[in-house]
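*Asks:* only geometry, no sequence info:
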C-alpha cells in the first residue's frame, strides 16, 4: 500500500462501494445495506433488522447469508481496486453456521488473511489471470459470533475485446 | 397422508405459504417469491431474475441462497401442517455450491427424503419435542443443477404458556 493513503481514501472507497451495492444489486438495496467501516485489511457492512426480519422477529437466515457473501465480495473488490488489478469476483461455494438468533441490527466483518496469503493471491491472479481466495465473515461479537460464514471466491481477469 | 386429500388441498396450502412468506419475511416479498408447485413430497419456489439480479446481470448468490433456504423451510412447514404437528423451524447450518451462473428466472426444488426418514423425523419430534432434518435443494434442471444447497433444519415444539 502507498504511504500517502489517507483516512479520506478509505471513506471515499467505502462510499463508492455502498453506492455500487445499491445501484447494481436490488436485493442489497432492499436490505438497506450500509458500509460501516473499511480499512486496508477489513470491511464491515451493516443491515437494519426491520428490512431483514423473519416470522420469529429475528434476522432472516437468507439476509444474514447475503450480508456475509457481500462483505467478502466487497473486501476483494476493494483490494483489487487498491492494487490497480482488474478482476471479476464469483462466489464458488460457501458454508454458514447459525450459532445464535439475532434480534437487532447486525454487522458482518471480513478481515483479509495475512500479507503472505494476499500477496500470493494477487501474484497468482496477475500470472494466471485467475486466483482463489477463502474468506471468513462473522456477524456479531468477534469473540462469540452469532453467525460464521466461510466462502470460496474465484477472481478472474476479464479478457479484452 | 389421508386418502381424501385433493388437488385443491395442495393448491390451498401453496397459496397460504406464499401469503405467509410475503407477509412475514420482507426479503421474500422484495425477491417476489412465488410458490410454483407443491405436492405431498416436493415444493418448488420461483423468483424472477429482475428482482434478484447482480452487477453481472446474473442471479445474485444471496438471492439463490435465500430461495433455497426458504424452499427447505417451506417444505418442512407444510409437512408439519399436514401432520398436524406444531413446530418452530430453525436453519442451523448450510452449504451451497454455485455450479453455473443463472441468466433467467429461477426455481428451487426440495424433495422430502424417503418415507422412513420422514416417519423417523416426525416420531423423534413427537417423542422428544425436537428433531433435525437434512434437506437438499436444487436450482435449475434436476439432472444438472446450477446450484446445490444442503441445509440442516432443527424443529422444536414450542412450550405452552
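*Replies:* Received the coordinates, thanks. Small disclaimer: the values here were computed from a predicted structure and weren't measured. Numbers count the residues shown, from 1 in each chain, chains lettered A, B, ... in the order given.
*Asks:* only C-alpha atoms for contact and neighbour calcs from this point on.
*Replies:* Will do.
*Asks:* Let me see the contact set for the residue lying closest to residue A:113 once chain neighbours are set aside.
*Replies:* The shortest distance from residue A:113 to any non-neighbouring residue, by Cα to Cα, 6 or more residues apart in numbering or on different chains, is to residue A:135 (7.5 Å). With contacts defined as Cα atoms under 8 Å, 6 or more residues apart in numbering or on different chains, the neighbours of residue A:135 are A:72, A:110, A:111, A:112, A:113, A:150, A:151, A:152, A:153.
*Asks:* Could I get the contacting residues of the second one?
*Replies:* Contacts of residue A:110 were listed using Cα under 8 Å, 6+ apart, and they are A:42, A:43, A:44, A:71, A:72, A:75, A:135, A:136, A:137, A:138.
*Asks:* who wins for neighbours among those residues?
*Replies:* residue A:72 (31 neighbours; other Cα atoms under 10 Å in any protein chain shown).
*Asks:* which regions of chain A sit below the pLDDT cut-off?
*Replies:* A:1-6, A:160-161 (pLDDT under 70).
*Asks:* Spatially central residue for it, please.
*Replies:* residue A:71 (1.7 Å; Cα atoms, centre = their mean).
*Asks:* thinking it is in contact with residue A:137, fair?
*Replies:* Yes - the criterion here is Cα atoms under 8 Å, and residue A:71 meets it with residue A:137 at 7.3 Å.
*Asks:* Now do the shared contacts for these two.
*Replies:* Jointly contacting residue A:71 and residue A:137 under the rule Cα under 8 Å, 6+ apart are A:108, A:109, A:110.
*Asks:* The first one contacts residue A:138, correct?
*Replies:* Yes - the pair residue A:108 and residue A:138 passes the contact test of Cα under 8 Å, sitting 5.5 Å apart.
*Asks:* shared neighbours of these two, anything?
*Replies:* residue A:68.
*Asks:* Kindly list the longest helix within chain A.
*Replies:* Determined from DSSP state H, the single longest helix within chain A is helix A:61-82.
*Asks:* what comes up buried for that one?
*Replies:* A:61-80 (16 or more other Cα atoms under 10 Å in any protein chain shown).
*Asks:* Could you check the angle that helix makes with helix B:61-82?
*Replies:* 170 degrees (axes from the mean of the first three to the mean of the last three Cα atoms, to 10 degrees).
*Asks:* Tell me which strands the following helix or strand past helix A:61-82 pairs with, and in which orientation.
*Replies:* Downstream of helix A:61-82, the first helix or strand assigned by DSSP states H and E is strand A:88-98. Applying DSSP bridges, strand A:88-98 is found paired with strand A:147-156 (antiparallel), strand B:88-98 (antiparallel).
*Asks:* moving C-terminal of strand A:88-98, what's the next helix or strand?
*Replies:* strand A:106-111.
*Asks:* could you give the angle of that following strand to helix A:61-82?
*Replies:* 40 degrees.
*Asks:* Name the strands paired with strand A:106-111 and say parallel or antiparallel.
*Replies:* By DSSP bridges, strand A:106-111 pairs with strand A:42-47 (antiparallel), strand A:130-139 (antiparallel).
*Asks:* With distance to residue B:123 as new columns, can these be given to me in JSON lines?
*Replies:* Formatted as JSON lines, these follow (distance: least, Cα to Cα, whole Å):
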{"stretch": "strand A:42-47", "distance to residue B:123": "39"}
{"stretch": "strand A:130-139", "distance to residue B:123": "35"}
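*Asks:* interface residues of chain A facing chain B?
*Replies:* A:24-27, A:30-31, A:51-55, A:60-63, A:65-67, A:69, A:91-99 (Cα under 8 Å from any Cα of the partner chain).
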